[in-house]
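S.K.: I need the structure of the sequence given here:
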Amino acid sequence: MPRALIWSIEQDEKLSFLLNKKKMTLRGAAKELGVSRSFIHRKSQKMQSEIHFRACSTVREQAGFEPLAAGHPISWLAIQTPRQARLYNNHNNNEDLSRIAEAA
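M.R.: Presented below is the predicted three-dimensional model:
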């Protein structure tokens, strides 16, 4: 029976360093850390999703992980060009985005 793996924050940092700074492949990082490629793949995906979600706005966080419905105000505002966004903000006097999202 394989031994239980104890994964630490330091190993997360080392994995991030190997993949991002040294541009190592998943297979190379797995070999260096002594774990399977599939484990490294799952771990890197989880780390990436945490980083991505931290970059989201509070309104998007409130909407949750589920994909937004077609035509949702958050997605429409996200794809605007800078000029459209300026016009929208001036026209609506910087209306609160969360109120728009609740209406959807």
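
S.K.: remind me which helix or strand Ala69 belongs to.
M.R.: Under DSSP states H and E, no helix or strand contains Ala69.

S.K.: how much space between it and Ser75?
M.R.: 9 Å (CB to CB, to the nearest Å). Heads up, the C-betas are built off the backbone N, CA and C, glycines and all.

S.K.: more neighbours, these two?
M.R.: Taking neighbours as other CB atoms under 10 Å, Ala69 and Ser75 compare with Ser75 leading, 15 against 10.

S.K.: contact partners for the more buried one?
M.R.: Applying CB atoms under 8 Å, 6 or more residues apart in numbering to Ser75 gives the contacts Leu68.

S.K.: pLDDT score for it?
M.R.: As predicted, Ser75 sits at a pLDDT of 78.

S.K.: what about it, which SS state?
M.R.: Here Ser75 is recorded as helix under DSSP: H, G, I helix; E, B strand; the rest coil.

S.K.: average model confidence for the biggest helix by length in the chain?
M.R.: Taking DSSP state H as the criterion, the chain has its longest helix at helix 37-54. Helix 37-54 shows a mean pLDDT of 82.

S.K.: which strands or helices does the following helix or strand past that helix pack on?
M.R.: Sequence-wise, the next helix or strand downstream of helix 37-54 (DSSP H and E) is helix 58-63. In terms of contacts (3 or more CB pairs under 8 Å, 6 or more residues apart in numbering; DSSP states H and E), helix 58-63 is packed against helix 73-78, helix 97-103.

S.K.: pull out the buried positions in helix 58-63.
M.R.: Val59, Arg60, Ala63 (16 or more other CB atoms under 10 Å).

S.K.: show me which of the residues you listed is closest to Leu15.
M.R.: Arg60 (26.6 Å; CB to CB).
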